[in-house]
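Enquirer: here are the coordinates; sequence isn't available:
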């Protein structure tokens with residue numbers, strides 16, 4: 001499993017590492033299902049709070065802190081509205097109740113709110129009511145493309161970001177007393193000790209997963225440098241790999257919500273211990289690492305065929 005290194009100060013780092021253990025994402029979000037939040041610390045408000053939305057998307061009112069959370073759609077095909085006893089808390093095209101958990105002695109409702117679509121997940125809206133206070137909300141989102149997966153402990157909710165190769169991102173935590181704070185930074189790190197002999201394209205859901213291999217990661221880093229996260233982003237919407245006659249494997253992809261405008265190509269040749277990348281630039285012309293004149297004929301043909309198929 002890809003390791004995520006945490007650089008943080010004090011006890012928060014240790015708590016975060018202990019909490020997130022198995023929750024760190026290691027597969028590309030384009031091909032994975034939505035992660036499930038931890039059930040630890042679930043509220044005793046009722047066992048029905050984890051109910052799934054019915055097929056018609058009409059969600060029943062959720063009892064919460066002496067009132068009701070409701071999700072309505074005032075206009076057909078319009079936005080859905082999250083409210084508490086008639087007070088609007090959030091709105092968007094997709095609004096779904098997740099669950100109620102208990103943080104310390106405070107009941108906290110978690111609601112997914114997003115634009116919909118097939119790539120960006122929803123933001124997480126945190127709803128709670130301080131003692132003798134008004135209903136409160138906080139929205140957690142990563143790069144305007146959904147909230148990181150949440151892990152719940154007795155004292156806080158931790159948000160663990162999905163990392164692309166070459167990235168470092170903050171890990172966040174929320175509690176009713178401290179609010180939303182940064183626990184530390186997580187850095188993408190390949191699986192140590194893995195080499196070219198360990199590369200197996202049949203096990204890759206997305207070619208980005210090849211970066212989990214230390215040899216592939218180092219070869220890509222040497223070519224791409226600071227462009228590695230952008231290159232990986234251009235491959236996010238993609239599937240399995242194909243092989244050339246020489247045994248190299250490759251795949252194409254694109255940036256979420258920009259397919260056809262920012263497309264990527266990656267090839268890995270384990271036998272020759274080489275990697276190849278191309279990405280359509282802002283001017284519509286492809287950038288290539290190494291320069292395309294240095295590519296083998298079969299990989300160049302695979303790229304040309306992919307471009308001809310319109311990705």
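Expert: Received, thanks. Being a predicted model, the structure only gives us computed values, none of them experimental.

Enquirer: which SS state does the most far-flung residue of the chain relative to its centre fall under?
Expert: Largest separation from the mean C-alpha position in the chain: residue 132, at 36.5 Å (C-alpha atoms, centre = their mean). Assigned with DSSP: H, G, I helix; E, B strand; the rest coil, residue 132 falls in the coil class.

Enquirer: quick check: pLDDT value at it.
Expert: In this prediction, residue 132 carries a pLDDT score of 87.

Enquirer: how close does it sit to residue 109?
Expert: The gap separating residue 132 from residue 109 is 18 Å, by C-beta to C-beta, to the nearest Å. For glycine as for every other residue, the C-beta is placed from the backbone atoms N, C-alpha and C.

Enquirer: give me the phi and psi for residue 191.
Expert: phi -70, psi 120 (degrees, to the nearest 10).

Enquirer: skipping adjacent residues, who's closest to it in space?
Expert: residue 212 (5.4 Å; C-beta to C-beta, 6 or more residues apart in numbering).

Enquirer: for burial, what's the neighbour tally of that neighbour?
Expert: By other C-beta atoms under 10 Å, 23 other residues sit near residue 212.

Enquirer: any idea how far it lies from residue 90?
Expert: Separation of residue 212 from residue 90 (C-beta to C-beta) stands at 36 Å.

Enquirer: what of residue 217?
Expert: 39 Å.

Enquirer: which of these two has more neighbours?
Expert: residue 217 (22 against 18).

Enquirer: what's the helix or strand for the more buried one?
Expert: Using DSSP states H and E, residue 217 sits within helix 214-224.

Enquirer: just the pLDDT for the residue nearest to residue 191.
Expert: At residue 212, pLDDT is 97.

Enquirer: next, give phi and psi for it.
Expert: Per degrees, to the nearest 10, the backbone of residue 212 is at phi -60, psi -30.

Enquirer: separation between the residue most central in space within the chain and residue 147?
Expert: In the chain, the residue lying closest to the centroid (C-alpha atoms, centre = their mean) is residue 162, at 4.3 Å. Between residue 162 and residue 147 the computed distance is 10 Å (C-beta to C-beta).

Enquirer: same question for residue 96.
Expert: Separation of residue 96 from residue 147 (C-beta to C-beta) stands at 13 Å.

Enquirer: residue 161 now?
Expert: Going from residue 161 to residue 147 by C-beta to C-beta gives 9 Å.

Enquirer: in what helix or strand does residue 231 lie?
Expert: Going by DSSP H and E, residue 231 is in helix 228-233.

Enquirer: ok so, going back, the more surrounded of residue 96 and residue 147?
Expert: Using other C-beta under 10 Å, the more surrounded residue of residue 96 and residue 147 is residue 147, with 23 against 16.

Enquirer: is the more buried one in a helix, a strand, or coil?
Expert: Strictly by three-state DSSP, residue 147 counts as coil.
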